[in-house]
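Peer 1: okay, structure incoming, though there's no sequence with it:
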């Protein structure tokens, strides 16, 4: 994309965000609201700069666990989708409700269980939580991608004698890739959220811990600093996954 | 050599049965170009799915070189009507698909594909993705994909059906030229009588559902066939003979019989 086109796309949302920040700044200035209720954007920026080493330490911890959880969640999602796709429908029907059930239990309710089982210091409770959050969008997207494979292409492959494995690797899997990536983008955003929630519930460091400490000392500015970092991390994940998609999804299928 | 002997196929939906093929018999000799013409929806594509092994006949036999291939896939090379090039593969990667499925090493398959693409004047498209090609070009690639696969029998299912008249005419000449040089065994489905006569050695005419062979025509014109052949008297006569036969066996106009009142309950 050339700079002009890039500016044309990024310009309007950027202008909207800046306008929103300006209104916020002005409101805080004019209304004289206490900083512990609502800090001004400029105050949040100052706090971010002043406390950056500490914020970065927590952010790095969150990023690490989020990336690990995203990786294991994605692997689990693809593996499970592949297994369910290959197996007979009745097995799929048997397990699908169970899988949906894992999404109905609030993380807040099960995370403490993992902390009880695996300990406060262990990374495992956090990893399990993030994996549970991340595998579902990947699984659903992959299953959908497999199921929506063009019937005429499937017929063609079978006619010319493709085995079940060839059908999967040469047709169904590449066909599902764009679907898989839309699931992955959702999972990428979820992974940071999962990390923060699990850290909030019990951890030694991470943005969740930073937020809890900020909250208990009424440092509202720091809560906003944490939000800024979470948003930045989520955007980064999204950008990285999009870049990977551009590299892996070939031919005329990107706009699907 | 392909033989279909008294092939019967029915589809059951609930209690009702729909007979699609009713004792169909035909043969395609080695190196022969045979076309099948029939009213649209007469079960031509079902026949290909039977020959391709995706469906199993309810009665009758499907033999390739004397051995039954009923219900067994991988014995034919196939070109479908609609574009089934994989959009994530380049032209040359699409061309080698059938060879890959047959277990040919990729490097060697690609070499063969590139040679053929050059030979057919498609060399400059080898690394392009299919969506950048016109409909006619895409079908050329799909044809080449079928042509270079190892199976002797090529089944072409209305390969030019979705093309405009001008492109279609070009494609017929192109196919004729290649076929006359390479002489593969071809079974060709079309609903264009002219296309069938221009390309084939023999033509089978099918009736409407349930389909069976109602006529067989040998096409006596020598090869290579000239551009002007369709204007010659014998060609025109053969075309009207086939046309008349086809009309006789088309579905009668649907009349309201009064029996369909259950439909609204």
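Peer 2: In hand now; what should we look at? Model, not experiment: these values are computed from the prediction.

Peer 1: next, the buried residues of stretch A:204-223.
Peer 2: Buried residues in stretch A:204-223, counted by 16 or more other CB atoms under 10 Å in any protein chain shown: A:205-212, A:214, A:219-223. Quick note: C-beta positions are derived from backbone N, CA and C, even for glycine.

Peer 1: wait, which of those is closest to residue A:72?
Peer 2: Nearest to residue A:72 among the buried residues of stretch A:204-223 is residue A:206, at 17.3 Å by CB to CB.

Peer 1: now for the buried residues of stretch A:204-223, which pair is the farthest apart?
Peer 2: A:205 and A:220 (20.9 Å).

Peer 1: flag every residue of chain B that's near chain A.
Peer 2: Taking CB under 8 Å from any CB of the partner chain as the criterion, chain B approaches chain A at residues B:49, B:52-54, B:73-78, B:80, B:82, B:84, B:86-90, B:97-98, B:100-102, B:129-132, B:149, B:151.

Peer 1: what's the lowest-mean-pLDDT helix or strand in chain A in contact with?
Peer 2: Lowest mean confidence among the helices and strands of chain A (mean pLDDT, DSSP states H and E): helix A:89-104, at a mean of 79. The contact list for helix A:89-104 (CB atoms under 8 Å, 6 or more residues apart in numbering or on different chains) reads A:80, A:84, A:85, A:132, A:136, A:139.

Peer 1: roughly how far apart are the fifth one and residue A:106?
Peer 2: Using CB to CB, to the nearest Å, we find residue A:136 at a distance of 14 Å from residue A:106.

Peer 1: and the residue of chain A found nearest chain B, what pLDDT?
Peer 2: Chain A approaches chain B most closely through residue A:161 (2.0 Å), counting by CB to the nearest CB. Here, the pLDDT recorded for residue A:161 equals 90.

Peer 1: ok, back up a step: and which of the buried residues of stretch A:204-223 is nearest residue A:47?
Peer 2: Nearest to residue A:47 among the buried residues of stretch A:204-223, with distances taken as CB to CB, is residue A:221, at 4.4 Å.

Peer 1: in what helix or strand does that closest one lie?
Peer 2: Following DSSP states H and E, one finds residue A:221 within helix A:220-248.

Peer 1: could you report the neighbour count for the residue of chain A closest to chain B?
Peer 2: Residue crowding around residue A:161 was assessed by other CB atoms under 10 Å in any protein chain shown; the count is 22.

Peer 1: same deal with residue B:28?
Peer 2: Using other CB under 10 Å, residue B:28 has 24 neighbouring residues.

Peer 1: same question, the one 4 residues further on
Peer 2: When neighbours are counted by other CB under 10 Å, residue B:32 registers 17.

Peer 1: repeat that for residue A:123.
Peer 2: With neighbours defined by other CB under 10 Å, the count for residue A:123 comes to 16.

Peer 1: do residue A:174 as well
Peer 2: If we define neighbours as other CB under 10 Å, then residue A:174 has 21 of them.

Peer 1: now do the contacts for it.
Peer 2: B:86, B:88.

Peer 1: now do the helix or strand that contains it, average pLDDT.
Peer 2: Element membership for residue A:174, per DSSP H and E: helix A:173-201. What helix A:173-201 shows for mean pLDDT is 92.

Peer 1: cool, and stretch B:203-213?
Peer 2: 89.

Peer 1: and if you look at stretch A:64-71?
Peer 2: Here the average pLDDT along stretch A:64-71 is 95.

Peer 1: and for stretch A:242-255?
Peer 2: 80.

Peer 1: just how off-centre is it within its chain?
Peer 2: Computed by CA atoms, centre = their mean, to the nearest Å, the chain-centroid distance of stretch A:242-255 equals 19 Å.

Peer 1: contacts only, for residue B:191.
Peer 2: B:37, B:38, B:39, B:40, B:158, B:161.

Peer 1: how about a cut-off of 10 Å?
Peer 2: Residues near residue B:191 by CB atoms under 10 Å, 6 or more residues apart in numbering or on different chains: B:36, B:37, B:38, B:39, B:40, B:42, B:44, B:158, B:161, B:246.

Peer 1: just the buried residues of those.
Peer 2: B:36, B:37, B:38, B:39, B:42, B:44, B:158, B:161, B:246.

Peer 1: correct me if wrong: the third one contacts residue B:44.
Peer 2: Yes. With contact defined as CB atoms under 10 Å, residue B:38 counts as touching residue B:44 (5.5 Å).

Peer 1: shared neighbours of the two, anything?
Peer 2: Taking CB under 10 Å, 6+ apart as the contact rule, residue B:38 and residue B:44 both touch B:189, B:190, B:191, B:206, B:211.

Peer 1: what ranges does chain B have for its helices?
Peer 2: B:44-51, B:91-95, B:97-101, B:106-119, B:135-147, B:165-182, B:193-199, B:233-248 (DSSP state H).

Peer 1: most packed of these?
Peer 2: Most buried of the helices of chain B, by mean neighbour count (mean count of other CB atoms under 10 Å in any protein chain shown): helix B:91-95, with a mean of 25.

Peer 1: for that helix, packing partners?
Peer 2: helix B:106-119, helix B:135-147 (3 or more CB pairs under 10 Å, 6 or more residues apart in numbering or on different chains; DSSP states H and E).

Peer 1: of all the residues in chain B, which one is nearest chain A?
Peer 2: Using CB to the nearest CB, the closest approach of chain B to chain A is made by residue B:74 at 2.0 Å.

Peer 1: mind listing what that residue touches?
Peer 2: By CB under 10 Å, 6+ apart, the contact list for residue B:74 reads A:158-163, B:52-53, B:98, B:101-102, B:150-151.
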